[in-house]
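1. give me a model of this one.
(one chain, ligands or ions: 2)
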Amino acid sequence: MHESKRVFKDILIIFLIFTFLIYPILGLILLAGGIFIFNFGVYFILLILSEIIGILIISSLKKKRRKVYTLNPIPYYTQRISFKRKHYRPHRHKRKHYRSPKYSKPKKQYSPPPPPKSPSPSVPPISNWDPNVWVGNEIHGYKVESVIGTGGNGYVLKVSLGGTYYAMKVLSITPPQSGTVTMIATSGFDQLFNESENLKRLSQNPNFVRIYGIYVDSNIIRQALKGDSMAYFKNPPAIVMEFMEGGSVDKLLNDRNIVYSNYWPLIVKKIIKQVAFALDYLHSQGYVHLDIKPQNIFLLRNPGYSGYEVYNNIDKIVKLGDLGSAVRIGGRIEQATTAYCPPDQIEAVIFGRGADPKMDIFALGITAYVLLTLRRDNPAIVYLDQAFDSFVNGNINDAISFVNQAKQVLATWRPMLPSNTPPDLQQIILRSINPYPQYRPTAREIAYGLS
Ligand SMILES: Nc1ncnc2c1ncn2[C@@H]1O[C@H](COP(=O)(O)OP(=O)(O)OP(=O)(O)O)[C@@H](O)[C@H]1O
Ligand SMILES: [Mg+2]
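-> Residues are numbered from 1 along each chain as shown. Ligands and ions are numbered 1, 2, ... in the order given. Okay, here's the model as predicted:
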């Protein structure tokens, strides 16, 4: 409509120009030349023809102009759209970002199998337990996302609550054999139950993996021990901890870029210093950790990909984990990791003596040795394993004899440390691995000695 009006207006303008301007001039010229002076018919035909030609020429020119005119707005229009996009797209992205946690949550809920409405009859027997049966189900209100690993006294699961991940250690009722850890008794649940509030409080120190909840129900444990695997499936004894995204220091040993860099001995020094600070606090609060080893030292985040990066990032992210195994100084020892524990820890078990902070110091010295040399060949292991086996089989004299042999080999052991080991760290290691606890330094001496 708009277009046809414009065409009509153009024709009218051309008609008026021709009628009142061009034709009178043309008529005057013809009159002056004396041609067709009386032939008004020819004059009239010429007038009409020239008018038609004029209209055609002008309208074709107009068409060309219109093309140019219509071409112009197109890029302009595109520009405006892209301008809008420039302004609105980031908003859309933002909204997507804000929405993503909300929207990804239900998606995640679809991936694992839906929780069974009625107890599944396919739960394995306690003696042959598979932690994967928990994946997709809830334990103590937390949704189980995946199984992180199996340790000496249970399974560690990645769980979530309200969009945050946690690590949940579910304690095994019949402990799996892990090689490094051996349960001396399975009655540690009572101790954990009694200590749960204290352990939660201690873990609030920033040098520890935080413990949020400890769930131990003696009725459920009794039922599970009787073989009720459904009771265990639904309400197992568990410890909810801070999720350590960077994994354990033990895992760091697999990274050749880091452990073969010149920074590695300095990184080890920082790790040992941080753990010594954690132990100083723990010991001052009257507790012994009893399971110091690279697998129980954690990193809050990924520390980096090169020795230099790790060296710069590590101090703020090292945390001592598995506080659930801690006992009071002088308390009953329930477990030991023979590859790291001192002979006096096995001896204490044999003679019924209590836990001593110096046991942690020996394990810390061995941990430093393992980290620096990447060797797990402390010469006492073989004797301590035999001492433990003898004790379990009731051969107390043999057990004592093996413990003494372990002490003897340690008394003469001079571990080969890398030449670039910092001298203060070297000294600390040599003093810590002494078979006689009275010669070992305190955690405080180590922490400040390495600062
Ligand atoms: N808080 C945590 N955050 C992330 N991963 C964890 C956490 N606690 C444990 N893990 C991981 O779970 C796995 C099993 O841990 P677990 O403590 O059961 O075994 P372990 O340390 O080898 O033996 P132990 O029973 O002597 O402690 C390991 O790979 C460990 O790194
Ligand atoms: Mg552990």
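2. ok, now how distant is the closest residue to N235 other than its chain neighbours from ligand 1?
-> The shortest distance from N235 to any non-neighbouring residue, by CB to CB, 6 or more residues apart in numbering, is to I220 (4.8 Å). No exception for glycine: its C-beta is placed from N, CA and C like everyone else's. Taking CB to the nearest ligand atom, to the nearest Å as the measure, I220 and ligand 1 are separated by 20 Å.
3. correct me, but I220 touches M230?
-> No: taking CB atoms under 8 Å as the definition, I220 is not a contact partner of M230, at 10.4 Å.
4. more neighbours, those two?
-> I220 (19 against 13; other CB atoms under 10 Å).
5. so who does the residue nearest to N235 touch?
-> For I220, the contacting residues are A231, Y232, N235, P236, P237, by CB atoms under 8 Å, 6 or more residues apart in numbering.
6. could I get those residues as a markdown table with secondary structure, distance to ligand 1 and neighbour count?
-> Below are the contacts of I220 laid out as a markdown table (DSSP: H, G, I helix; E, B strand; the rest coil; distance: CB to the nearest ligand atom, whole Å; neighbours: other CB atoms under 10 Å):
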| residue | secondary structure | distance to ligand 1 | neighbour count |
| --- | --- | --- | --- |
| A231 | helix | 22 | 22 |
| Y232 | helix | 17 | 22 |
| N235 | coil | 19 | 17 |
| P236 | coil | 14 | 26 |
| P237 | coil | 13 | 23 |
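7. and the furthest pair within these?
-> Spatially, the most separated pair among the contacts of I220 is A231 and P237, at 11.0 Å (CB to CB).
8. can you name the residue of this protein nearest ligand 1?
-> G151 (2.1 Å; CB to the nearest ligand atom).
9. wait, that residue touches K293, no?
-> No: taking contacts as CB under 8 Å, G151 lies outside contact range of K293: 10.7 Å.
10. and the two? Which one has more around it.
-> K293 (23 against 20).
11. please tell me how far P441 sits from L364.
-> 10 Å (CB to CB, to the nearest Å).
12. now V249
-> V249 is 12 Å from L364, by CB to CB.
13. ok, K293 next?
-> 9 Å.
14. what of D255?
-> Taking CB to CB, one finds D255 at 22 Å from L364.
15. got it, and Y263?
-> From Y263 to L364 the distance is 21 Å (CB to CB).
16. in terms of neighbours, single out the busier of these two.
-> L364 (27 against 19).
17. tell me the contacts of A355?
-> V288, L290, V327, R328, I329, G330, G331, R332, I333, A348 are the contacts of A355 under CB under 8 Å, 6+ apart.
18. please redo it, this time with the cut-off set to 6 Å
-> The neighbours of A355, taking CB atoms under 6 Å, 6 or more residues apart in numbering as the test, are V288, L290, V327, G331, I333.
19. in stretch 370-377, what's buried?
-> By neighbour count on 16 or more other CB atoms under 10 Å, the buried set for stretch 370-377 is V370, L371, L372.
20. helix/strand/coil for the last one?
-> So the one you mean is L372. helix (DSSP: H, G, I helix; E, B strand; the rest coil).
21. with the one 5 residues further on instead?
-> Classification of D377 using three-state DSSP returns coil.
22. now F362, nearest residue through space, not along the chain?
-> Per CB to CB, 6+ apart, closest to F362 is P342, 3.6 Å.
23. can you read off the pLDDT for that neighbour?
-> Looking at P342, its pLDDT reads 98.
24. I57 too?
-> So I57 comes in at 69 (pLDDT).
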